[in-house]
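> sequence plus the predicted model coming up.
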Amino acid sequence: MADAPNPFQLPNITKFKIALCQLSITSDKNQNLDRASRSIRLSVEQGAKLLVLPEMWNCPYSSDYFAKYAEDFDNRDASPTLSMLSEAACCHGITIIGGSLPEWDHGRLYNTCCIFGPDGRLKAKHRKIHLFDIDIPGEISFKESDTFTAGDQPTIVDTVGRIGIGICHDIRFPELAALYRKRGVDIICYPGAFNVSTGELLWELVQRARAVDNQLFVATCSPSRNSTGSYTTWGHSTLVGPSGEIIVTSGHEETTVIAQIDYSNIQLQRKSLPLDDQKREDIYKFIDAHELNP
Ligand SMILES: O=C(O)CCC(=O)C(=O)O
């Protein structure tokens with residue numbers, strides 16, 4: 001007898017709606033969870049199948065809060081945030097790229113993105129690989145590495161297409177995006193919380209660069225701006241297409257952005273401009289070897 005169809009088996013979806021939930025974050029964790037639930041519901045009502053939440057959305061983005069708000073993901077009873085995400089993914093039959101959250105694991109803190117599939121199961125965890133340490137005197141000083149331990153794995157999940165994950169500062173490193181491209185990723189999702197100092201000049205630039213270099217989709221989701229805290233986020237959650245075009249972007253206020261993704265544009269773009277075939281690894285290798293050994 002044939003197996004019963006699995007209701008959670010995803011057909012090969014190439015066209016679907018994505019939602020970027022740009023949330024306002026407060027110091028009240030329950031309120032943050034309620035806001036996220038509301039935005040998830042709103043996204044589903046508008047037909048979204050893939051949802052992205054911001055970096056650090058259950059907790060203010062400040063070293064003073066990370067440890068206090070962190071949850072042990074292996075102990076679901078002690079992790080209201082993961083329970084909510086899992087229930088929402090399952091009840092609505094959607095994939096949630098769960099932004100990022102402070103995670104406790106064996107006495108260490110990580111900045112972690114949890115990805116839930118439409119059956120509500122945790123499909124993967126991405127721990128931020130490149131921690132954000134910056135010191136521009138008089139402008140911004142922040143040192144994630146004082147608090148967090150860096151992750152050491154790239155993360156790819158297969159749900160609505162093949163999805164690569166990075167968190168905020170991870171977007172600055174083209175090597176990670178190129179690795180995802182090599183492994184057949186269709187879209188890279190970067191929950192992020194760029195700040196007003198680096199955001200204006202670079203946020204859009206790095207997203208479009210990662211998309212156009214690799215001819216794939218890039219989606220970002222940020223918290224909305226809160227100018228009263230110690231860290232002022234830039235906002236501007238965005239979806240970029242495989243030729244570097246901005247499909248949709250937001251301002252810095254709280255909002256839910258919905259957009260249509262069509263993966264067939266990736267193949268179109270790669271066919272008309274076959275960058276992969278045009279690459280000259282022979283020359284890059286030669287230059288590398290020559291510079292090391294002139
Ligand atoms: O790379 C940047 O300029 C900002 C990165 C950032 O805000 C973060 O990683 O949280």
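Perfect, I can see it now. Numbering: from 1, shown residues only.

> which residue, neighbours along the chain excluded, lies closest to I40?
Leaving aside its chain neighbours, I40 sits nearest to A88 (4.9 Å; criterion: CB to CB, 6 or more residues apart in numbering). Every C-beta, even on glycine, is put in place using the N, C-alpha and C of the backbone.

> got phi/psi on the one you found?
Backbone torsions for A88, taken as degrees, to the nearest 10, come to phi -70, psi -40.

> report the contact partners of the closest residue to T249 other than its chain neighbours.
The shortest distance from T249 to any non-neighbouring residue, by CB to CB, 6+ apart, is to T238 (4.2 Å). For T238, the contact set (CB atoms under 8 Å, 6 or more residues apart in numbering) comprises L20, W203, E204, Q207, V218, A219, T220, I246, V248, T249, S250.

> hmm, S250 and the third one touching each other?
No - E204 sits out of contact with S250 when judged by CB atoms under 8 Å, with a separation of 11.9 Å.

> returning to that earlier point: among the contacts of T238, name the ones in helices.
Within those, residues falling in helices by DSSP state H are W203, E204, Q207.

> beta partners for the residue most central in space within the chain?
Taking CA atoms, centre = their mean as the criterion, Y190 is the residue nearest the geometric centre of the chain, at 2.5 Å. Note on Y190: beta-bridge partners T220, judged by DSSP bridges.

> tell me how far it lies from the ligand.
As for Y190, its distance to the ligand is 10 Å (criterion: CB to the nearest ligand atom, to the nearest Å).

> flag every residue of the stretch 1-150 of the chain that's near the ligand.
In this structure, the stretch 1-150 of the chain approaches the ligand at residues E55, F132, judged by CB under 6 Å from any ligand atom.

> what's the neighbour count on the closest residue to the ligand within the stretch 1-150 of the chain?
Using CB to the nearest ligand atom, the single residue of the stretch 1-150 of the chain nearest to the ligand is F132, 3.3 Å away. Neighbour count for F132, taken as other CB atoms under 10 Å: 22.

> returning to that earlier point: tabulate the ones in helices among the contacts of T238 in TSV, adding columns for neighbour count, pLDDT and distance to the ligand.
Formatted as TSV, the ones in helices among the contacts of T238 follow (neighbours: other CB atoms under 10 Å; pLDDT from 0 to 100; distance: CB to the nearest ligand atom, whole Å):
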residue	neighbour count	pLDDT	distance to the ligand
W203	24	97	8
E204	18	98	12
Q207	25	98	12
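
> for K143, list each beta-bridge partner.
D133.

> tell me the pLDDT of it.
We have a pLDDT of 94 for K143.

> and D276, by the same measure?
94.

> tell me the SS of C90?
helix (DSSP: H, G, I helix; E, B strand; the rest coil).

> excluding chain neighbours, what is closest to it?
Nearest residue to C90, sequence neighbours excluded (CB to CB, 6+ apart): G120, at 2.7 Å.

> for that neighbour, helix, strand, or coil?
Secondary structure for G120, judged by three-state DSSP, is coil.

> I'd say it and A89 touch.
Yes - G120 lies in contact with A89 (CB under 8 Å); the separation is 5.0 Å.

> hmm, back to that, now the residue nearest to I40: how far from F73?
Distance, A88 to F73, using CB to CB, to the nearest Å: 16 Å.

> same thing with E245?
From E245 to F73 the distance is 36 Å (CB to CB).

> who's more crowded, the two?
Shown here are E245 and F73; by other CB under 10 Å, F73 has more neighbours (19 against 13).

> shouldn't that one be within a helix?
No - per three-state DSSP, F73 lies outside any helix segment and is coil.

> spit out the contact partners of A89.
When contacts are counted by CB under 8 Å, 6+ apart, A89 touches T95, I96, F116, G117, P118, D119, G120.

> no wait, D133
Residues near D133 by CB under 8 Å, 6+ apart: F142, K143, E144, S145.

> out of those, which end up buried?
If you count burial by 16 or more other CB atoms under 10 Å, the buried members of these come out as F142, E144.

> what about S100, how many residues nearby?
For S100, using other CB under 10 Å, the count is 30.

> check it and give its pLDDT.
At S100, pLDDT is 98.

> what's the answer for A2, then?
In the predicted model, A2 carries a pLDDT score of 45.

> how about D213?
For D213, pLDDT reads 98.

> mind checking the SS state of it?
Per three-state DSSP, D213 ends up helix.
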